[in-house]
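Student: With the sequence up front, the predicted model follows.
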Amino acid sequence: MPVITANRNEIVQGEEVFGSPLDYFKLMKPRVMSLVVFTAFVGYYTAIPVQGYSINPALAYIGIFAIALGAGASGVLNQWYDRDIDEVMVRTKGRPIPLGKILPSEAFSFGIISSIISIMILGLAVNWLAASLLAFTIFFYAVVYTVWLKRHTVQNIVIGGAAGAFPPVIGQVCATGNVSLESVILFMIIFLWTPPHFWALAIIKKDDYEAAKIPMLPIVAGDKVTRKNILIYSCLLIPFSYMPWALNYAGTFYFITISLLGFEFLRRAILLYRKKEGSEKSLFLYSIFYLSFIFAGICLDKFILNNF
């Protein structure tokens, strides 16, 4: 008979089964990490051609790798601390720690070591300002958001969204050594995008968050207030997304892209406000597409401006 014990990952036929490399990779939240890598790359790419800076391609790859590793490390620490609520939520109970494939102590060690390595790599290979920003981002997500904001305030997503907005800033600092206005604009776009994105998900997964006793806006204030706030943030996000064009950081191609995508984002937010069936999932999925394509639009616009 198989023997199960809470003190080891998993026992099958009397033998220990340790977490695989894939399990450790899952701890790093690869989907979140991929968005971090992409937005950090946009920060790199937009800084170099416009501001006249150059960077060794090898160092650029190292910088992106360090940022990705740091993002993954913060994800690991998040799952280590949230292991109690991950066991309760349907959306997260299949993660490696709740499944018993990786011990909490192993996850904690992996997260701390990965954090230190990522910061040291970025500092030694690129510059220490970028490394300092990466260290702050890891701390903000793993401690400020995970330990305090997530469980204690309805503004968890709003304030905590800053952690996910830092990668393009870090990318530009890697390329230039300075924090530029353009990188702050990219930060603000992600910051304003985060509440509509996650509150739409929170409405969909309301029962999950309620079971875990997480004070998400739909639970504390209700769906009506949440829909209203999603529309408010959407109305702030769409105009602000024109800032790269208004300040001449992007050209006509970006203007057309953001106009088309922004109109559709706002349309879906209005449908959600009006309680159209399925509008929560529609906005949530589209928001991912929206952020990805406007950042891609910035890169394509810069490429067009500098090569044609």
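Tutor: Okay, I see it.
Student: show me the contacts for the residue lying closest to Q155 once chain neighbours are set aside.
Tutor: Using C-beta to C-beta, 6 or more residues apart in numbering and skipping residues adjacent in sequence, the residue nearest Q155 is L149, 7.1 Å away. Quick note: C-beta positions are derived from backbone N, CA and C, even for glycine. Going by C-beta atoms under 8 Å, 6 or more residues apart in numbering, L149 touches Q155, N156, I159, G160.
Student: got a list of what the last one touches?
Tutor: Okay, so that is G160. Applying C-beta under 8 Å, 6+ apart to G160 gives the contacts F140, Y141, V144, Y145, L149, K150, T194.
Student: go with 7 Å
Tutor: With contacts defined as C-beta atoms under 7 Å, 6 or more residues apart in numbering, G160 is in contact with Y145, L149, K150.
Student: Also the third one?
Tutor: Contacts were defined as C-beta under 7 Å, 6+ apart; by that measure I159 touches L149.
Student: one more time with 10 Å
Tutor: F140, V144, Y145, W148, L149, T153, F191, T194 (C-beta atoms under 10 Å, 6 or more residues apart in numbering).
Student: repeat for the second one
Tutor: N156 is in contact with Y145, T146, W148, L149, K150, F198, A202, I214, P215, M216, L217, counting by C-beta under 10 Å, 6+ apart.
Student: how close does it sit to F191?
Tutor: 14 Å (C-beta to C-beta, to the nearest Å).
Student: Report the residue ranges of every domain in this protein.
Tutor: Domain assignment for the chain by automatic domain parsing gives 21-178, 180-308.
Student: Kindly reformat those as a markdown table containing mean pLDDT.
Tutor: What follows is the domains of the chain, written out as a markdown table (pLDDT from 0 to 100):
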| stretch | mean pLDDT |
| --- | --- |
| domain 21-178 | 92 |
| domain 180-308 | 93 |
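Student: re the thing from before, just the contacts of L149 now: which is nearest A125?
Tutor: Distance ranking of these against A125, using C-beta to C-beta, places G160 first at 28.7 Å.
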